[in-house]
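Visitor: compute the structure for the input listed below.
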Amino acid sequence: MSITFEQVGRTFAGKAEGIALSPPCDAGTIQTILAALDRFGVVVLAGQKMTPDEQIAFSEQLGPLENSDEGNPKYRKLREDMKYTDQRVSEISNLVDGATILGATDMRRIFQYANQFWHADSTFRPVRARYTFLQAILVPRDGGDTEFADMATACEELPQALREEAEGLIGIHSPRTIMDHLGATRPDQGGFFSELPDQPRPIIETHPGSGRQVLNIGSHLSHIEGMPMPEGRALIAALREHACDPRYRYRHRWTPGDLVIWDNRSTLHRACRYRENDQPRQLVRTLVEDR
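Guide: Purely as a prediction, here's the structure:
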C-alpha cells in the first residue's frame, strides 16, 4: 500500500495513510515521514498502539532521544510513581501509576497546567527538541485535545511593520517563565527551580528542511536580548497573538492509538482543557533532540 498524506489543517498538518509502524521501519518509510514533517510540520498516524519500548525504538530512527529529566530535579523525583519510568519517555498524564487521579496538590498538576500554554518543546534546553512523538493511551470523555499553530505560514504573513521589529532579535528562553506565571516558583506552591541556564534563540530563523522562515516565540520565551523587559514582552505578545490566530491552527481530537509527530522548529502546540479532576488522560511522549 502506498503512503499518502491528506492535509487536515487550513495551512499545515498532514494525516498519513499506508504507514504501519512496527520498528524498525525501512529507510524509505523514515525518509517519507521526514519529508512530510518538513512539508506539514505535524503528521498524524492513527491506529498505531505501540508499547513505550516500540515508540522509543521508532523515535530513535529519526535521531537521538532527549533524557526528559535532565535539569529538573523535581521531575526526576516525581517520576518515581509514574507508570512509565524510562527517562526517554515523558508521561503526559493526570494519573499515578496509570490508575489513580493525581491529588489536587500534587506537583505534577503544575506540569499539566504548563502544557496548556503555547510552546515548543525544550527550547529552554541547550539542545532543544527537533521532533516530538505523542501517543494516546487513555483519553478523557470531553476535551483534552491538542492544538497546533503553524509558525511558518504565520511568519510569512507577518505584517511588515511587525516583521521589521522582530528581524535580527534574540529571545531568551527559560522553563521558569511559564512556572513563574503559574506561581509554581513560590515556596508555597512547590518552589520549582531549574538547573538549566537561559537559552538565547533567534525570534525569526530559517527552517533547515523546508527553507522557510519560522517564528520561535513559544511561552518559554522570557524576554528579548538587549531590550527593556516591558518593551520586549509587549512585542512577544504581539507576535504570539498574530502567530496563534485560529487561521494558523490545527486541533487534534485524540483516539487511543493515535500517534502524532510534530516539528518543534516550525510549530507551537498546547493541551486543551478537560475535567482533569475526574477524567483520566494518559499519553506517552518521546523527543528527538535537534542535533
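Visitor: after the worst-scoring helix or strand of the chain on mean pLDDT, next one along is what?
Guide: Considering only helices and strands, the least confidently modelled element of the chain by mean pLDDT, DSSP states H and E is helix 73-78, at a mean of 57. Next along the chain after helix 73-78, taking DSSP states H and E as the criterion, comes strand 90-93.
Visitor: chain center to the helix or strand just after that following strand, what's the gap?
Guide: With elements assigned by DSSP H and E, the helix or strand that comes after strand 90-93 is strand 95-96. Averaged C-alpha coordinates place strand 95-96 at 21 Å from its chain's average position (CA atoms, centre = their mean, to the nearest Å).
Visitor: repeat for stretch 89-97
Guide: A distance of 16 Å separates the centroid of the chain from that of stretch 89-97, by CA atoms, centre = their mean.
Visitor: for stretch 231-240, same thing?
Guide: Between the centre of stretch 231-240 and the centre of its host chain there is 21 Å, according to CA atoms, centre = their mean.
Visitor: how about stretch 4-12?
Guide: Relative to its chain's centre, stretch 4-12 lies at 19 Å (CA atoms, centre = their mean).
Visitor: SS state for Gly171?
Guide: Secondary structure assignment for Gly171 (DSSP: H, G, I helix; E, B strand; the rest coil): strand.
Visitor: contacts only, for it.
Guide: Residues counted as contacts of Gly171 (CB atoms under 8 Å, 6 or more residues apart in numbering) are 200-203, 216-217, 221-225, 236. Using the backbone N, CA and C atoms, a C-beta is placed for each residue, glycine as well.
Visitor: now, which of those sits nearest Gly41?
Guide: For the contacts of Gly171, the residue nearest Gly41 by CB to CB is Asn216; the value is 13.7 Å.
Visitor: quick one: residues contacting that closest one.
Guide: Residues counted as contacts of Asn216 (CB under 8 Å, 6+ apart) are 120, 123, 151, 171, 201-205, 265.
Visitor: list the buried residues of stretch 227-238.
Guide: By neighbour count, and taking 16 or more other CB atoms under 10 Å as the criterion, the buried residues in stretch 227-238 are 227, 232-233, 235-236.
Visitor: between those residues, which is closest to Gly18?
Guide: The shortest distance between Gly18 and any of the buried residues of stretch 227-238, using CB to CB, involves Ile236 and amounts to 40.6 Å.
Visitor: hang on, the earlier thing: could I get the contacts of Gly171 as TSV with secondary structure and distance to Ala184?
Guide: Conversion of those to TSV gives the following (DSSP: H, G, I helix; E, B strand; the rest coil; distance: CB to CB, whole Å):
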residue	secondary structure	distance to Ala184
Pro200	strand	24
Arg201	strand	23
Pro202	strand	28
Ile203	coil	26
Asn216	coil	23
Ile217	coil	22
Leu221	strand	18
Ser222	strand	15
His223	strand	19
Ile224	strand	23
Glu225	coil	25
Ile236	helix	20
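Visitor: which of those residues count as buried?
Guide: 201-203, 216-217, 221-224, 236.
Visitor: just the terminal-to-terminal distance for stretch 163-176.
Guide: 27 Å (CA to CA, to the nearest Å).
Visitor: oh, that last question was meant for stretch 255-268, not what I typed.
Guide: Chord length of stretch 255-268, first to last residue, is 21 Å (CA to CA).
Visitor: try stretch 161-172
Guide: In terms of CA to CA, the two terminal residues of stretch 161-172 are separated by 22 Å.
Visitor: show me which positions of that stretch end up buried.
Guide: 163, 165-166, 169, 171-172.
Visitor: can those go into TSV with extra columns for pLDDT and distance to Arg186?
Guide: Listed next are the buried residues of stretch 161-172 as TSV, based on pLDDT from 0 to 100; distance: CB to CB, whole Å:
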residue	pLDDT	distance to Arg186
Arg163	98	37
Glu165	97	33
Ala166	98	32
Leu169	98	30
Gly171	98	25
Ile172	98	22
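Visitor: from those, pick the one nearest Val43.
Guide: Gly171 (26.7 Å).
Visitor: any idea how far the closest one is from Phe148?
Guide: Using CB to CB, to the nearest Å, one obtains 20 Å as the distance from Gly171 to Phe148.
Visitor: need the residues that contact stretch 187-202.
Guide: Applying CB under 8 Å, 6+ apart, the set of residues contacting stretch 187-202 is 71-74, 107, 110, 123-126, 128, 169-176, 179, 182-185, 216, 221-222, 225.
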